[in-house]
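Q: generate a structure from the sequence data that follows.
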Amino acid sequence: MPRRSDPDYTVDPDRGTSSTATKVATIMSPESSDTRAETRVGLRELDAMTEGLPGLTRQQRDRERLMPRATTADLAHPRMQRPLPAAAAVREPFSSRQKKARSKARIAVQERMPDAQYEAQRRLATDSRRWARLNNELSDAVGDVQGLSDTDQQYLRRVDRSIQAYEKANDRGHVVYANVAMPPQINHSNLDGFVAHNFRAGDRLSFDRYTAGTHQLHETTRLAAGDTAGRVAVFEIQTRRGAYLGHSDGRDDTAHLLPRGMNFTVLGTHEARYRTPDGETGTRVVVQLRDTTPEPANDKDLR
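A: A predicted model of the protein is given here:
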């Protein structure tokens, strides 16, 4: 059961209708939050039962699972596990070397990917209506993909497999940044206090939806350019999961797609400084998260 920061209400950062630029947090009753958390526990238990069924191939198990399995490769070297920055650290732009390495891996994976998987991933990441509709359906179903139509299930499982294909080829860790808009009553004058109160160290969060992010904090500021009220904070996420969708050329694009059905633990909140490629500086209110999705990243015996 998630730890609750306030006994009178909960803030679910994944429940509102999101875009590829920003998640939308909503306030809900503790009872509703507890019910959704219990549902997720049940879904995890069903996936564990599926993994324990005898006589099934890896492909058959994956078809029966409700949430996608982590398929991350081993780290090439411990130094390639990106740590979360210290609170006082300036978040610098991604190096050209980092962009090229990740983009090279993306291209290699996409060249081997079935057309149906590539097209499913591309359309989800670029079609705003499709993104909103499918993610809303996942959220309404508390992550239970079998609660969606057969057509949508097939489509999302293709997206899942496209992300898993990148995870299998990726030997690096990630720090991913994702905007999250706080409820309408929050603005720049009370954003930092609201975030600090509702996202405390040790709190646990669940994302039923896919999450679009970047590898650079300054990119989130551009993506949140319409936030005139100043209610958008940033999740700074340490994970091995997801697929790099960015580029290595002159475009300032380090997009990353995180899978659905992820769990996180809050490590703390603070105001973080960043630098742009042009040398300009700025600050964002940041919530640091560590991926704690309850499943081994490697399942070599069944792959």
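Q: excluding sequence neighbours, find me the nearest residue to V24.
A: G16 (2.9 Å; CB to CB, 6 or more residues apart in numbering). Any C-beta I mention is one placed from the backbone N, CA and C, and that applies to glycine too.
Q: for the record, mean pLDDT for the host helix or strand of Q117?
A: Per DSSP states H and E: Q117 is located in helix 115-126. Computed over helix 115-126, the mean pLDDT rounds to 98.
Q: by contact count, what packs against the longest helix seen in the chain?
A: In the chain, taking DSSP state H as the definition, the longest helix is helix 30-52. Under the contact definition 3 or more CB pairs under 8 Å, 6 or more residues apart in numbering; DSSP states H and E, helix 30-52 sits against strand 10-16, helix 58-64, strand 204-207.
Q: quick check: buried residues in the last one?
A: For strand 204-207, a neighbour-count test (16 or more other CB atoms under 10 Å) marks 205-207 as buried.
Q: can you tell me which of the residues you listed lies nearest to A88?
A: Closest to A88 out of the buried residues of strand 204-207 is L205 (24.5 Å), distances taken as CB to CB.
Q: surely P259 meets R161?
A: No. Using CB atoms under 8 Å, P259 makes no contact with R161, being 10.5 Å away.
Q: who has more neighbours, these two?
A: Between P259 and R161, counted using other CB atoms under 10 Å, the more crowded position is P259 (25 against 19).
Q: tell me where the model's unsure across the stretch 1-150 of the chain.
A: Residues of the stretch 1-150 of the chain meeting the criterion pLDDT under 70: 1-6.
Q: residues contacting stretch 15-26, please?
A: 11-14, 28, 125, 128, 131-132, 135-136, 139, 178-183, 209, 211-212, 223-224, 227, 232, 235 (CB atoms under 8 Å, 6 or more residues apart in numbering).
Q: and those, which are buried?
A: Buried subset of those (neighbour count, 16+ other CB under 10 Å): 11-14, 125, 131, 135, 139, 178-182, 209, 211-212, 223-224, 227, 232, 235.
Q: show me the contact partners of the next helix or strand after the helix holding Q117.
A: The C-terminal neighbour of helix 115-126 among helices and strands, as given by DSSP H and E, is helix 128-140. With CB under 8 Å, 6+ apart as the test, helix 128-140 has contacts from 14-15, 17-20, 123-125, 145, 147-148, 152, 155-156, 208-210, 212, 260.
Q: make sure V266 is indeed in a strand.
A: Yes. Membership of V266 in a strand is supported by DSSP: H, G, I helix; E, B strand; the rest coil.
Q: what's the spacing between it and L84?
A: 12 Å (CB to CB, to the nearest Å).
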